[in-house]
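Novice: For reference, the sequence and a predicted model appear below.
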Amino acid sequence: MDLSLERAIAPAPADVEIARPAPSDERTLAWIDETFGGTWSSEAYVGRSVVARRDGSPVGFATIDPQGLKFSWLHGLAREPGVGVFGPFGVAPCERGRGVGSALLGRALGALRESGYARAIVPAVGGERLAGYYAHVAGAQVAERFGRAALMRPRRRTLVLASGNGSNFAAVLDAVRGGTVPLDIVGLIANNESAYALERARAAGVSATVVSWDRERELRAEYDTRLLAAVKADEPDLVLLLGWMHLLSRSFVAEFPELLNLHPAFLPLDAARDDVVLPDGSHMPAFRGARAVRDALKASSAWVGATLHRVTGATDRGPVMARKPLRVKPGEDEAQLMERVHEIERGVVRAGVMRWLYERDA
């Protein structure tokens, strides 16, 4: 949608402070993930945000002028001279209807005007109700339309690697069959012959292969070569690691750059950091590695989480596609906590895969 930059700035409620646009602080980014989920924090991370706060805590945000994003809808009108980008934009559910949103919108558009833009575009507005809101508050008009389905053809060939129960694999299969995640799941590879993920695949009619490693009889390099050959045989567009408990070789990562991993921790958006800021402003270690939830409990962390990220040569340090934090309940043991982590993982995987699709088809 094309926004007017000439509308008057609406006042914020008296108990809400709205800051000038600035790079988003880590606490606000974590709050965005807890409140809205999905991919918004990584979008806000590469832009400037106008943040509304009550008593120092975020209650709303509006991001402007994000840089370096690869979404399909940013390759048209958004690239014309003099056009700025508005969004993402969100207000805490308990604050809606109090004028926080219109105040944020006005401040953000004013900041775009001050930056020299003549027009602004709100990309990928989903639904007529939201389009009506922008039209009413900012005089927006629909500038271009695109169909969601057209952005995701053909369905990308996807191979899943898993080592355990396969509950997230089953959730992806359900989403594919339900039409919410348009992938073509061509197979599953497990490195553990007793992995229940194999049974889930066979029951669903998906090719299931075991590529196990006998550490006493086979060198690591020999196993890595066999694994690489098995994956190449399926010619995947995407390799999706869902509970895969084997560190991939650098040659594997180089061969398959479209490689996403689900990690049971709330990882920082800055890959160089070894800690992460939480929605309440506290810090905790990034908890990279194979036993993230166990490590978090051992450290008496008040938070855990889930992240889908691109795989690079540095373990659990690839660019974040989607992430969400989760508070630990008092007295919760590892099994109980893992069950709740699995619940948020499913949403993180869906959001991250959809982001990959939107970027891939750009």
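Specialist: Now that the structure is in, tell me what you want to look at.

Novice: Quick one: neighbours of residue 359, just the number.
Specialist: The number of residues packed near residue 359 is 15, by other C-beta atoms under 10 Å. Glycine gets a C-beta too; all of them are placed from N, C-alpha and C.

Novice: Just the element for it, please.
Specialist: Residue 359 belongs to helix 334-360 when elements are defined using DSSP states H and E.

Novice: Report all helices and strands that that helix contacts.
Specialist: Using 3 or more C-beta pairs under 8 Å, 6 or more residues apart in numbering; DSSP states H and E, the elements in contact with helix 334-360 are helix 167-177, strand 238-242, strand 259-263, helix 292-298, strand 303-310, strand 320-327.

Novice: Quick one: mean pLDDT for that helix?
Specialist: In this model, helix 334-360 carries a mean pLDDT of 94.

Novice: so where is the chain shaky, pLDDT-wise?
Specialist: The chain contains residues with pLDDT under 70 at 1-9, 146-153, 361-362.

Novice: So in terms of bridging, what pairs with the spatially most central residue of it?
Specialist: Centroid-nearest residue in the chain, with C-alpha atoms, centre = their mean: residue 322, separated by 1.4 Å. Counting by DSSP bridges, residue 322 is bridged to residue 308.

Novice: What distance do you get for it to residue 36?
Specialist: Distance, residue 322 to residue 36, using C-beta to C-beta, to the nearest Å: 11 Å.

Novice: List the buried residues in the helix holding residue 359.
Specialist: By neighbour count with 16 or more other C-beta atoms under 10 Å, helix 334-360 contains the buried residues 337-338, 340-342, 344-358.

Novice: Name the SS class of the residue lying farthest from the centre of the chain, please.
Specialist: In the chain, the residue that sits farthest from the middle, by C-alpha atoms, centre = their mean, is residue 217; the gap is 39.7 Å. Applying DSSP: H, G, I helix; E, B strand; the rest coil to residue 217 yields a three-state assignment of coil.

Novice: closest one to residue 27 among the helices and strands packed on helix 334-360?
Specialist: strand 320-327 (11.2 Å; C-beta to C-beta).

Novice: which residues make contact with that closest one from outside it?
Specialist: Applying C-beta atoms under 8 Å, 6 or more residues apart in numbering, the contact partners of strand 320-327 are 30, 33-34, 37-39, 41-42, 260, 266-267, 269, 278-279, 302-310, 340-341, 344, 347-349, 351-353, 355-356.

Novice: Could you tell me the angle between that strand and helix 334-360?
Specialist: Our comparison of strand 320-327 with helix 334-360, counting by axes from the mean of the first three to the mean of the last three C-alpha atoms, to 10 degrees, yields an angle of 150 degrees.

Novice: Send me strand 320-327 as CSV with only the CA atoms.
Specialist: Taking Å, rounded to 0.1, in the frame of the first residue of the first chain, the C-alpha atoms of strand 320-327 are listed here in CSV:
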residue,chain,number,x,y,z
VAL,A,320,18.2,-16.1,12.0
MET,A,321,15.0,-16.8,10.0
ALA,A,322,12.6,-16.9,12.9
ARG,A,323,12.8,-17.2,16.7
LYS,A,324,10.7,-17.1,19.8
PRO,A,325,11.5,-17.0,23.5
LEU,A,326,9.8,-19.1,26.2
ARG,A,327,9.6,-18.5,30.0
